[in-house]
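> model this:
(2 chains)
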Amino acid sequence: MSDTVTSASPRIATAFERAHSESRGALMPYLMGGYPTLERSLEIGRAYAQVGADIIELGVPYSDPLADGAVIHEAATEALAAGASVSGVLELARALSPSVPVVLMCYANVVFAPGVEAFVERLAHTGAAGLIVPDLPLEEATQTLAACDAHGIALVPLIAPTTPPERLAAIGARARGFLYTVSVVGTTGERSALPERFTELVAKAKAATDVPVAIGFGISTPEDVRAAVRAGADGVIVGTRLVRAAGDSADSAAAVAEVLSELKSGLGTDR
Amino acid sequence: MSESAIEHRFGRYGGQYVPETLMAALAELEQAWVAARADVAYRSELDGLLKEFVGRPTPLYRARRLSQQLLRPVYLKREDLNHTGSHKLNNALGQALLAKRMGKRRVIAETGAGQHGVATATACALLDLQCVVYMGSEDTRRQRPNVQRMELLGATVKPVQAGACTLKEATSAAIRDWVENVGSTHYIIGSVVGPAPYPALVRDLQSVIGVEARQQILEREGRLPARVIACVGGGSNAMGIFNAFLGDEDVQLIGVEAGGEGTDTPRHGAPLTVGGRAGVLHGSLSAIMQDEEGQIIEAHSISAGLDYPGTGPQHAFLRDSGRARYVAVTDRQALDAFRAVTRLEGIIPALETAHALAWTLAQSDGELDLVCLSGRGDKDLAEVLALT
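Purely as a prediction, here's the structure:
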């Protein structure tokens, strides 16, 4: 099984290996495609790469994002109002992929709309390395996983604190690229004081899979990042904090670069 | 299908397209429902409450002047005579009892017209459960009396300001709340929509409508109706009455959707009638309104309860299989039927129900019609009177 896992996502594996060889966690910022505008989101993505992002999680704005809290929901609504499209976001993936592995975060209906096979093929052509579908649990993922495996795209599954042990093992066995470990019972968004549970969550995740384990949801400070890495996470995903920074400032790229640099300080040994 | 099984799929439709966080809760709910419906104690508590608290069985009424005018017998299944004024309490009460069995003290619900919100708030008052109802801010405006009723009943009404501020966004907000509070909270979804096991669970709880109506019409007429007609938003009153007739092949099942300003415009709520690609909304694959890239399109209907771009997965299956037929009537036709039936029968129907009545009124053929009068229209007075 490890062979499949690695071959599906050599760039993702390499990114984690590099971070590991530098004794640090991988930095995995989330980018809302098309927010505030398509051009500015490309600048933000480039800023992520310059600061040292190991993997970029590129979000496709969606009308009904059930796994997202208010900040990302509102950003998606704004992006769509500003004319963001799936095609536009896939162009971002194409533009960013040469410098950093891109994993697309996209709700199921957007994947299904053109047909799973057609969507995954299109995604693969952009050079993207992976796909995360937050409303596609294991039971519904068979067809998408087959398409992703066929096109060299890592279908990254999510686990939550509510995932029972036997389910965790089944998800972990089918994980490609990395295992996305949701750190809280909740939607995306900044929260105070949650890292106590990281150690237990990461240990359970690691026991269930051969791929690297990344923690996300609710991580917004260098302290959170430090706690996640100390808990053994191979990578740390930060979303809402960066989307908020992008929205708050006229110079989104500079604002997110500053926030991301700070967060990076929590990752471990600096490179 | 074995007795313990709950359908996750209806043909290709249905499923569980939700964040991983909810998967354990859906499994817990399914187990709880399988156990509860086989449990004599649960069944008899629910049946007792349906009889004494809700007022079941509801009458089957042979509509006198409507039948005269249409030159055929038209029967109305009087769900409007349920406590709280609609069929919604059948489901809300069953699920609130289930929440109690599961040890969940907090209940959340979404509502469009407010009927499901009122029913849930009522069940929660009766069973001493904490209740939070999400409602689009456009709907809190046009269904003001129901907001006041919910608050009187002790529920917290949370207006949702996103998108078109109607039922779709209220449902999304309720699902997000559930993701945050899944340990303590049961989500009483109000229609035959959502991830499995909800479409089957809600249908089971609403199927009492059809079970009663089938028996009543056999007693009255000695035969089955030629057509069973019900309005369809998410489709719970329709599934509730259709279910008992699914095996009666000669009985036509007609679901009436919201045609809004016309199904030739983008402003309607008729995904089944219009057709097109299936898609995922609120956790299940079904007929939905979406654009080329899979973004959900806002629905439009004068009736808040039908103002929804999705529908129950079993309806999509019944459409494809040809067992049920789905049609749409416009805002205008529904308003006309609302007035006509009020004058003809002395019954003020809900605007949602008026869609089913409008279709029935427009048919010149037919021999024996059974219409689900899913709710009463007191809540709609301000909206209707403002339009004239």
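> all helices for the stretch 201-350 of chain B, in order.
Secondary structure of the stretch 201-350 of chain B (DSSP state H, counting those that start in this stretch): helices at B:208-221, B:236-242, B:271-274, B:313-321, B:331-345.
> Show me what counts as buried in the third one.
By that I understand helix B:271-274. Of the residues in helix B:271-274, those scored as buried under the neighbour-count criterion (16 or more other C-beta atoms under 10 Å in any protein chain shown) are B:271, B:272, B:273, B:274. C-beta coordinates here come from the backbone N, C-alpha and C atoms, glycine included.
> Pick out whichever of the residues you listed sits closest to chain A.
Of all these, the one sitting nearest chain A is residue B:271; the distance, using C-beta to the nearest C-beta, is 13.1 Å.
> List the contacts of the closest one.
Applying C-beta atoms under 8 Å, 6 or more residues apart in numbering or on different chains, we find residue B:271 in contact with B:257, B:286, B:287, B:288, B:289, B:309, B:310, B:311.
> The fifth one contacts residue B:296, correct?
So that's residue B:289. Yes - contact status for residue B:289 versus residue B:296: in contact at 6.8 Å, counting by C-beta atoms under 8 Å.
> what residues do the two have in common as contacts?
Common neighbours of residue B:289 and residue B:296, counting by C-beta under 8 Å, 6+ apart, are B:309, B:310.
> Can you give me the distance of the residue minimising distance to the centre of chain A to chain B?
Among the residues of chain A, residue A:57 comes closest to the average C-alpha position under C-alpha atoms, centre = their mean, at 3.7 Å. Using C-beta to the nearest C-beta, to the nearest Å, residue A:57 is found at 16 Å from chain B.
> Is that residue located within a strand, as I assumed?
Yes - looking at residue A:57 with DSSP: H, G, I helix; E, B strand; the rest coil, it is inside a strand.
> which SS class is the nearest residue in space to it that is not next to it in sequence?
Taking C-beta to C-beta, 6 or more residues apart in numbering or on different chains, and ignoring the residues beside it in sequence, residue A:57 has residue A:30 as its nearest neighbour in space, at 4.5 Å. Put simply, residue A:30 is strand when judged by three-state DSSP.
> Near residue A:30, how many other residues are there?
Residue A:30 has 22 neighbouring residues, counting by other C-beta atoms under 10 Å in any protein chain shown.
> Quick check: residues of chain A near chain B?
Contact residues, chain A versus chain B (C-beta under 8 Å from any C-beta of the partner chain): A:62-64, A:66-67, A:69, A:73, A:77, A:80, A:85-87, A:107-114, A:134-137, A:139-140, A:157-164, A:167, A:171, A:182, A:185-187.
> what sits against residue A:241?
Residues touching residue A:241, when contacts are defined by C-beta under 8 Å, 6+ apart, comprise A:190, A:219, A:220, A:221, A:259, A:263.
> Counting neighbours, what do you get for the residue nearest to the second one when sequence neighbours are not counted?
If you skip the residues right next to it in sequence, residue A:219 has residue A:238 as its closest partner in space, 5.3 Å away by C-beta to C-beta, 6+ apart. Here the number of neighbours of residue A:238 (other C-beta under 10 Å) works out to 29.
> What distance do you get for residue A:238 to residue A:147?
Here the criterion is C-beta to C-beta, to the nearest Å. By it, residue A:238 lies 29 Å from residue A:147.
> Next, count neighbours for residue A:264.
22.
> related to what we said a few turns ago, just confirm the residue nearest to residue A:57 contacts residue A:244, I think it does.
No - using C-beta under 8 Å as the test, residue A:30 is too far from residue A:244 to be in contact (11.3 Å).
> Name all residues that make contact with residue 99.
In the absence of a named chain, this looks at chain A. Counting by C-beta under 8 Å, 6+ apart, the residues that residue A:99 touches are A:46, A:49.
> wait, I meant chain B there
B:107, B:127, B:129, B:186, B:188.
> Please list which of the residues you listed also come close to chain A.
Within the contacts of residue B:99, nothing lies near chain A by C-beta under 8 Å from any C-beta.
> Which positions in chain B make contact with chain A?
Taking C-beta under 8 Å from any C-beta as the test, the list of chain B residues beside chain A reads B:15-25, B:162-163, B:168, B:172, B:175-176, B:179-183, B:277, B:279-283, B:285, B:288, B:290, B:292-296.
> got the contact list for whatever residue of the stretch 201-350 of chain B ends up closest to chain A?
In the stretch 201-350 of chain B, the residue found nearest to chain A is residue B:294; the distance is 3.1 Å by C-beta to the nearest C-beta. Residues touching residue B:294, when contacts are defined by C-beta under 8 Å, 6+ apart, comprise A:86, A:107, A:109, A:110, A:111, A:112, A:113, A:114, B:279.
> Report pLDDT for it.
As predicted, residue B:294 sits at a pLDDT of 97.
> and whichever residue of the stretch 1-150 of chain A sits closest to chain B, how many neighbours?
Nearest to chain B in the stretch 1-150 of chain A, going by C-beta to the nearest C-beta, is residue A:113, at a distance of 3.1 Å. By the criterion of other C-beta under 10 Å, residue A:113 has 20 neighbours.
> Contact partners for it?
By C-beta under 8 Å, 6+ apart, the residues touching residue A:113 are A:119, B:277, B:279, B:290, B:292, B:293, B:294.
> try it again with 7 Å
The contact partners of residue A:113, by C-beta atoms under 7 Å, 6 or more residues apart in numbering or on different chains, come to B:279, B:290, B:292, B:293, B:294.
> now it: how far from residue B:359?
From residue A:113 over to residue B:359 the distance is 31 Å, taken as C-beta to C-beta.
> For the stretch 1-150 of chain A, just list every one of the helices.
Taking DSSP H, counting those that start in this stretch as the criterion, the stretch 1-150 of chain A contains helices spanning A:2-8, A:10-21, A:38-51, A:70-81, A:86-96, A:108-112, A:116-125, A:142-150.
> Out of those, which gets nearest to residue A:251?
Within the helices of the stretch 1-150 of chain A, the stretch nearest residue A:251 is helix A:38-51; the backing value is 9.0 Å (C-beta to C-beta).
> Alpha carbons of that closest one, as PDB, please.
Provided in PDB are the C-alpha atoms of helix A:38-51 (Å, rounded to 0.1, in the frame of the first residue of the first chain):
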ATOM      1  CA  LEU A  38      -8.000  36.300  -8.700                       C
ATOM      2  CA  GLU A  39      -5.000  38.500  -9.300                       C
ATOM      3  CA  ARG A  40      -4.400  39.300  -5.700                       C
ATOM      4  CA  SER A  41      -4.900  35.700  -4.700                       C
ATOM      5  CA  LEU A  42      -2.100  34.800  -7.100                       C
ATOM      6  CA  GLU A  43       0.100  37.400  -5.400                       C
ATOM      7  CA  ILE A  44      -0.800  35.900  -2.000                       C
ATOM      8  CA  GLY A  45       0.100  32.400  -3.300                       C
ATOM      9  CA  ARG A  46       3.500  33.700  -4.500                       C
ATOM     10  CA  ALA A  47       4.100  35.400  -1.100                       C
ATOM     11  CA  TYR A  48       3.400  32.000   0.600                       C
ATOM     12  CA  ALA A  49       6.000  30.300  -1.600                       C
ATOM     13  CA  GLN A  50       8.500  33.100  -0.900                       C
ATOM     14  CA  VAL A  51       8.000  32.800   2.900                       C
END
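> Packing partners of it?
With contacts taken as 3 or more C-beta pairs under 7 Å, 6 or more residues apart in numbering or on different chains; DSSP states H and E, helix A:38-51 sits against strand A:26-32, helix A:86-96, helix A:252-264.
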